[in-house]
Each structure stands twice: as C-alpha cells, then as structure tokens.
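In: Kindly return the folded structure for what I paste below:
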Amino acid sequence: GIDDMFVIMECWYNMVSEPNTATLSLPEKMGRTLQHAGVSITVTSVTDVLAFALGSYTLMPGLQAFCVSAAISIAFIYLLQVSWFVAWLALDQQRVEAQRHGIFFWKTVEVVKEASKNEKDEEVHKASLGKQVMEVYGPRLANSWFLVIVVTFCFLGFGLYGSASIEQRFQPQSMVPSDSYFYAWIELQGEHFPAYGYFAWVITGPLHWTALAGMEGMVRELQEVAKPGPGRILSTIESWWPPFKTFLELKKNMSWTEIQDDDMFHSLLGDFLFSVEHAHHQASFRFSAPLQCGDPAPPIIATQQKLYYGMSSSNPSPAEYLPAKLTVDHIVDQSNVSLVAFVLAPIYQAWETDAIIATELWRNIGMAMIAVGCVSLLFLGSIKLCLMVMVCVILTLVDLVGTLHFWGVNIDVVSCVNVVLAIGLSVDYSVHIANAFKSSKGSARCRTQAALTSLGPAVFNGGVTTLLAVIVLPGSKSHILVTFFKVFGLTVMYGLFHGLVLLPVLLGWCQEGEDEEDPTSATAAQHVELGSRKPGDGIVNESYRP
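Out: Below you'll find the predicted structure:
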C-alpha cells in the first residue's frame, strides 16, 4: 500500500513543480495528479486482486485462505488510497496554503519576508534529491545498455539453474523454533537414528471371514516391501494377522484356510485375543459390543495395523516418500479386505501437500501472469509495453526462485504462499515506469528519462520501505518469518533491478507512440545543472501539461 502512496505523492510533487500546472486550483491539481497516478496504482491493484483471486482456486486450503484474504485486503487498500488518503492530502495542502503549523494546525506560521518572484520560482522548481540522481542515472544507464543485458543474462542463468534444482521437500522440524528443545530432539534423532521412519496405520472397516484371503494377500505384499534391499519401503509391520495364523497352527492345529464361517472365525479370534501372549492385540480391534473372556468375539467394526516406513533416512526426500506412499496405498486399496480400507499417518498431511504443491505453485504463477498480461494490456494500451512488463515480472520470479534454492529454501507451503505474494509485489516496480513512459512525449530515450525522473524516486522509495519493513526478520527463530524475509528481500532486489535498470534500457529501444526528438531539449537535458532547474529546462513529462 505504501508503494502506491509514494507514486501519488511523487505525481503531486511533479504537478506543483511544473510552471504550467503550479498555478492551478487545488481541485484541478489533485485531479491531474490522479489522472496520472491513478492509472499506475489501478493497474497494480487490479492486477494483484485478480492474481490472488485466481490463486484462490487451489486444492490447498491454506493457500486458498491466503489468496482470498490478500485479494480483499488489496481491494480495500486501493479504495482507501484513492479516497481517504487523497482527501487527507487535499486537506493538508489547504493547511500548507493557509500557512498553518504542521502539528498545531490552528496556529498560523508567520512569514519572515516576502520572497521575490524569481526566488519563488527557484524554490518551486528546485529538483529533489531523487530527481537529481535520476537525471544523472538515466543517461549513464542508456550508455551502459550492453552491461545491463550481460548482467540480466547472468541473473537469468543463475535463476534458471536454481529453479531447476530447487527441491520440493517438507521438513517438519522447520516449523519448530530452532532454539527449542523439540527441534534439538528431532535433529539428534535424525543424526543417531536415521533409519527410524514415520509410522502409519492401516485401517479397515467391518471384517468377515470371507475377507481373510484379502488380509493374507495384503500383509504378504506389505512384508515384501519391508525386506532389506534397494526397493525397501517399510522397516517394521506390527500386525495381528501373522500372530493369529501362528496361534491357529500351534494352539488349534489348523490353518486359517480351514475357517468356514463367521461364527468359527469369531470363536477363534476370541480365544486368540484372550491368550496370554496375544492379549495386547485387543487394541487393534473395535467391536460392536464389549469383548468377553470365553465368548466368541463380537462383530468387528474396525481393525488397525501399524507400519513403519524405512527409507534412506528419518527425513527422506519426496522422491522417496511419495512413491513409497503410493505403493502402500495401492497395496491396501487392492486388497479387498473390507469395503473401507485406507492408510492414515500424521505425516500424510505434509506428504499430500507435497504431492500437489509444485503443480499448484506453477498453476497459480501461470494464472497470475495471465492476469498481469491482461490488465497491463488493458490499461497501458500497448502490446510492447505489456510484453516488457511481463518479461520483467517473469525474470524477477525466475531469479527469485533460483536464489531461494541457493539460500536453503525448499518448495513448501510457506515458500509457495510467499512466491505467489511476490508476483503482485514485482508488478509494481515495472508498471509505474511503463505507464510514465507511455504518458511522456518525445523520442524513446527522452521519454525513458522522463519516466525515470518523474516516478523513479517513488518506485525506489517503495522498494526501500518494503525492505525496511522486513529487515528485522532474519533474527527470528521462526521458519515462516525467515522465509518471508528471504522472499521479500529478493523480490525487492530483483524487482528494482528489472524495473529501474532493465526496463529503462528496453524502453529506450521502444518506438512506441511519438518518435520525434527535440534536439534542443535533449541537449538541454544533458546540461541541466542539478538543483537549479528553471521552467523549460531539462526533460518535461508532458502528461502534466494542461
């Protein structure tokens, strides 16, 4: 929100510093300010709202809630900026014109002496520090275009390599404060007991004697994937079925295949569950009635068996645990043990997210880019400018994701949410400059310089304030806050580079709109004495002329 406020204020300062508009009435100056700034902030706000609105169509509830909240918040921020903020700006300007004190506004500030007309013009048209910097920066940037392109391609190659290498992995310990006892316990467990894996339950519904063949096949297949070897998935299987078969062979001198009906099955199961060696398996069953010693077991409502995953480490990569989960799920689904049979584990919530998060991330990025392109084309009215803005946003995202890989950030729910948020943030740095270029007149180089001079300081200030807002987060022990800082810091860095370095170079090559160059104004622009501009000197953004 503060970025757009900088744009409004910069346009206001441009308005009051131009000789042809400085003498207009307050309503006229405010209207002309919004005539220019309103387009820029509308493009960025509408783009952000649409991007987040489209991003809400996701399978992940957390990302969906974030996108909906962000879209609503940005919409209200925009409405408050063009109404509440502008209204207070007009009131404050009335205070300035009435020469009232900035804090004690009921007091009138006495003027020591009446300045001469030339002194007033000198003060009104004196360039701010930001404009002075941009007036020097613009021509030097135009002459250094080859270096800018080389640096851009270096960033792009770095970003592409990192984006292709970034790992999609959920690390449970990352959600725990790094200085907590639990975090230290998880680290020590992974170091000293790397083979200790996650556990899961195989849950079935009502079990009848006719399903015992399916139970035998399911447990046999689970035991196969628990054997040592390269294809090992499970380390341990805690099931009541193998002990039950052993009980029948040793105590009843029979096989499970000799069971003929439910009554026989329930009678044998009751004896099994009340035997001394196997009484602990009672916890693996839920019956329709209390289990009584000496009586057949009541009808079975549900059963459970416990599995332990055993892969290369206690925290394997998605390339290991996602296929392992699919294999176990397939074995249980194809067992025909019961009408209801599934695998459940606490870690499955993270694994299910990992299974779809990459697809959801790229899908949301794609939809957001479509929104950026459509809105930019609608408000900028130029295919060339729209493509340039999209190129800057895409390059920012590629560089961002690639750098996150080298900074130790994986693709998880936290980084996914922040990358989606970075799309809306990165648009601001490019659209404002592109719109200022479109509103200017003259040759491409002069219009680029006018765009940098008029809105470059506002864009830079917006980026710096965004960085200052998150600069205190690196010291946090929270993974969420540290990731937030990394994503926002990189977004500001790459966004400012592509918006204030690459885009002006591209705009300098753009033959969009007027092509005629005024040699006198171009020459004058290169010889402006910084801090002492007069009306008619330098480069004038023609959008402020009446």
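
In: contacting residues around residue 169?
Out: By C-beta atoms under 8 Å, 6 or more residues apart in numbering, the contact list for residue 169 reads 317, 318, 354, 410, 411, 412. Where you see a C-beta, it was placed from the backbone N, CA and C, and this is true even at glycine.

In: Check residue 337 too.
Out: If a contact means C-beta under 8 Å, 6+ apart, then residue 337 has 204, 207, 211, 214, 215, 218 as its contacts.

In: Spatially, which two of those are the most separated?
Out: Distances among these were taken as C-beta to C-beta; the most separated pair is 207 and 218, at 11.6 Å.

In: Which residue ranges of the stretch 51-200 of the chain form helices?
Out: 61-80, 86-97, 117-124, 129-143, 145-165, 181-192 (DSSP state H, counting those that start in this stretch).

In: How about residue 252, nearest residue that isn't a chain neighbour?
Out: Computed as C-beta to C-beta, 6 or more residues apart in numbering, the closest residue to residue 252 that is not its neighbour in sequence is residue 268, at 6.6 Å.

In: Shouldn't that neighbour be within a strand?
Out: No - checked against DSSP: H, G, I helix; E, B strand; the rest coil, residue 268 lies outside a strand; its state is helix.

In: Kindly list the longest strand within this structure.
Out: Across the chain, the longest stretch assigned as strand under DSSP state E is strand 300-309.

In: what residues are up against residue 295?
Out: residue 270.

In: So it, which state does it fall into?
Out: Going by three-state DSSP: residue 295 is coil.

In: State the phi and psi torsions of it.
Out: phi -110, psi 160 (degrees, to the nearest 10).

In: ok, it to residue 204 distance?
Out: Residue 295 sits 23 Å away from residue 204, going by C-beta to C-beta, to the nearest Å.

In: re earlier: which strands or helices does the longest strand of the chain pack on?
Out: When contacts are defined as 3 or more C-beta pairs under 8 Å, 6 or more residues apart in numbering; DSSP states H and E, strand 300-309 packs onto strand 199-204, strand 234-238, strand 285-287, helix 318-333.

In: For the ones you listed, give me a markdown table that also has mean neighbour count.
Out: Shown next, in a markdown table, are these (neighbours: other C-beta atoms under 10 Å):
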| stretch | mean neighbour count |
| --- | --- |
| strand 199-204 | 19 |
| strand 234-238 | 17 |
| strand 285-287 | 17 |
| helix 318-333 | 17 |
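
In: Ok, which of the ones you listed comes nearest residue 40?
Out: Counting by C-beta to C-beta, residue 40 lies closest to helix 318-333 out of the helices and strands packed on strand 300-309; the figure is 41.4 Å.

In: what's the following helix or strand after the closest one?
Out: On the C-terminal side of helix 318-333, the closest following helix or strand by DSSP states H and E is strand 341-344.

In: Give me the buried positions along that following strand.
Out: 341, 343 (16 or more other C-beta atoms under 10 Å).

In: Can you give the distance from the longest helix that the chain contains to the centre of its chain?
Out: For the chain, the helix with the greatest residue count under DSSP state H is helix 348-380. Chain-centre distance of helix 348-380: 9 Å, with C-alpha atoms, centre = their mean, to the nearest Å.

In: Which neighbouring elements make contact with that helix?
Out: Checking 3+ C-beta pairs under 8 Å, 6+ apart, helix 348-380 ends up next to helix 26-55, helix 61-80, helix 318-333, helix 383-406, helix 413-439.

In: Tell me which other helices or strands the third one touches.
Out: The contact analysis (3+ C-beta pairs under 8 Å, 6+ apart) places helix 318-333 against helix 212-224, strand 300-309, strand 341-344, helix 348-380.
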